[in-house]
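1. prediction below, plus the sequence it came from.
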Amino acid sequence: MDPHLLRTFTTVARLASFSAAARELGYTQSAVSQHIAALEGDLRTDLLTRRPVAPTPAGARLLEHAGPLLLRLDAARADVLRLAAAPPGRVTLAVSPLSVGPRLLAALPASGVALRVLPAAEVPAAVATGGCDLGLVDGLAAASDPLRLPDVAPLTVTGVAEDPLAVLLPAGHPCAERAELRLDDLADARWIHAPDIVAPPPGSRTALRYRGTDLHGLCALAAAGHGLVLLPLRVARTAAAGVAVPLAATRLVHRSELLAPGTTTGAAAALALRLTAGSPYGT
């Protein structure tokens, strides 16, 4: 299966337009049509309806495979180019919103590092495809367990930190005066679902869906009573509004991990050492 044809197909399906895909890819509309026809001929099935432009059942199934395949190809290209390139003097570090904490701030040199704040789910791909030299990602995990990350490329994963959790509540919440909480105490609570920043507890009910990486905005929504948020204790305690109540009697922690490509040299390798120095947490 020709990856060029596959990339054209995914672009047409995403934009729902042959002409828009042609503009984005820099092809003529005729060339895009030829690519789709060639791919359909190779697979001996229709992949797109034409009016409107939408995936057929076979096309929808191919899309499930296409994203990871193309990402893996981009990752392979980036990995080879890293070997051929001279070690850079500047490091681009992808960070998820909650991974910006004391360890990162202490490790950053005075200059030479550019930070890109991305949703946690996008950090592995940014490192794998060469958009960033290193990545710092976070999420909920059982103590000492690694995060469940997408398999985008052979990345080196190093545990950096594990922090206790807290629930951010509005000041008038019935549990706001508690010294600590168990998740069982909040079985009927509704949570803000903010996948770009933090996941709610497993099995929880959603009050509001929030897309974006603005942590202050998320905390303001929780403080205003639009739903509870589970945060690292250090973050919840610094929220401008709301009440942070530590979570007790749970194996869940907030875990941070450093992602690096197979080949890391120069300034990127030095920063990786600073970020992981003294960390007792493995992969």
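-> Arrived safely, thanks for sending.
2. am I right that Leu136 falls within a strand?
-> Yes - using DSSP: H, G, I helix; E, B strand; the rest coil, the assignment for Leu136 is a strand.
3. go ahead and confirm it touches Ala94.
-> Yes - using C-beta atoms under 8 Å, Leu136 makes contact with Ala94 at a distance of 7.2 Å. To be clear about C-beta, it is placed using only N, CA and C from the backbone, and glycine gets the same treatment.
4. what's the overlap in contacts for those two?
-> Common neighbours of Leu136 and Ala94, counting by C-beta atoms under 8 Å, 6 or more residues apart in numbering, are Val123.
5. now the helices for the protein?
-> All helices of the chain, identified by DSSP state H, fall at 3-15, 18-25, 29-43, 57-84, 102-107, 123-128, 215-223, 233-236, 266-276.
6. identify each buried residue in stretch 26-43, please.
-> Neighbour-count burial for stretch 26-43, with 16 or more other C-beta atoms under 10 Å as criterion, is recorded at Tyr27, Val32, Ser33, His35, Ile36, Leu39, Glu40.
7. which of those residues lies closest to Ala267?
-> Checking the buried residues of stretch 26-43 against Ala267 by C-beta to C-beta gives Tyr27 as the nearest, at 38.0 Å.
8. give me phi/psi at that closest one?
-> phi -110, psi 170 (degrees, to the nearest 10).
9. and the pLDDT for Ala86?
-> pLDDT recorded at Ala86 is 50.
10. change the start of the numbering to 24 and stick with it
-> OK, 24 is where the count begins now, so the last one is Ala109.
11. what residues sit buried inside the lowest-mean-pLDDT helix or strand in the chain?
-> Across the helices and strands of the chain, mean confidence by mean pLDDT, DSSP states H and E is lowest for helix 80-107: a mean of 82. For helix 80-107, burial by neighbour count (16+ other C-beta under 10 Å) applies to Gly82, Leu85, Leu86, Ala89, Leu94, Asp97, Ala98, Ala101, Asp102, Arg105.
12. just checking, what packs against that helix?
-> helix 26-38, helix 146-151 (3 or more C-beta pairs under 8 Å, 6 or more residues apart in numbering; DSSP states H and E).
13. assess the claim that Asp65 and Met24 are in contact.
-> Yes - Asp65 is within contact range of Met24, at 6.5 Å (criterion: C-beta under 8 Å).
14. what is the burial count for Leu231?
-> 14 (other C-beta atoms under 10 Å).
15. oh sorry, the question was meant for Gly235
-> 12.
16. quick one, what contacts it?
-> Ala217, Asp219, Ile220, Leu241.
17. lowest mean pLDDT across the helices of the chain, which one is that?
-> Looking at the helices of the chain, the weakest mean confidence is helix 80-107, a mean of 82.
18. gap between it and the chain center?
-> 17 Å (C-alpha atoms, centre = their mean, to the nearest Å).
19. what angle do that helix and helix 289-299 make?
-> Helix 80-107 and helix 289-299 meet at an angle of 110 degrees, taking axes from the mean of the first three to the mean of the last three C-alpha atoms, to 10 degrees as the criterion.
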